[in-house]
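> Here is the input, now give the coordinates:
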Amino acid sequence: MYRLAQSLSFILMSVACATLFFLMTMTFIDVFLRSSINAPLGAAPELTRMSVAIIVFASLPVLSGRGEHISVDLLDGVIAKLGLARIWSGIISLACGAMLWWPAERAIVLAQRSRKYGDLTEFLEIPTFYLSWFITIMTFLTMVVLIIRGLLILFAPRLMEPAK
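From the prediction side, this is the model:
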């Protein structure tokens, strides 16, 4: 199971990195063409939007599983003094995982609607439901990852320690 998680993490982060490289290269070309011959890439805005969505949603399950997502630590001092840091972390992971059900379910509706209506991007006419389904799958995967993380923190914290 650990090797499967590592492989999936590697694949998702590779997708995010490749997309970031594509975005960087496209931006360079767009700026170069805009500055040198006043001919920007017409599809650059839609490719940028799609690329950012791929980067964010491909990274989300990996970063959430590692506990590297952004968090507000207003109560960490109090929780640590009470000796409840591990329990608090597990509960927060479980709660965040459970809360992702609603956006993931809504993303299904939007992806199905996009496919039904035949929505296409403006310039390249790429069907938008592909990206919608990617977002949906990654949101569900993040939900599962956070729930598993929360359960491991609460009931098997030694499995969350880095391998030596």
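
> dump the residue contacts of Ala111.
129, 132-133, 135-136 (Cβ atoms under 8 Å, 6 or more residues apart in numbering). Every residue, glycine included, has its C-beta placed from N, CA and C.

> ok, then the element right after the host helix or strand of it?
Using DSSP states H and E, Ala111 maps to helix 101-117. Downstream of helix 101-117, the first helix or strand assigned by DSSP H and E is helix 129-155.

> Which other helices and strands does that following helix contact?
Counting contacts by 3 or more Cβ pairs under 8 Å, 6 or more residues apart in numbering; DSSP states H and E, helix 129-155 packs against helix 44-66, helix 85-99, helix 101-117.

> quick one: it to chain centroid distance?
9 Å (Cα atoms, centre = their mean, to the nearest Å).

> Over to stretch 67-86?
That offset, for stretch 67-86, works out to 23 Å (Cα atoms, centre = their mean).

> contacting residues around the helix or strand of the chain at the bottom of the mean pLDDT ranking?
Within the chain, no helix or strand scores below helix 76-81, which has a mean of 88 by mean pLDDT, DSSP states H and E. Contact with helix 76-81 is made by 85, 88, as judged by Cβ under 8 Å, 6+ apart.

> and Leu33, which of the helices and strands packed on helix 129-155 is closest to it?
Among the helices and strands packed on helix 129-155, the nearest to Leu33 by Cβ to Cβ is helix 44-66 (9.4 Å).

> in the closest one, what counts as buried?
By 16 or more other Cβ atoms under 10 Å, the buried positions in helix 44-66 come out as 44, 46-47, 50-51, 53-55, 57-65.
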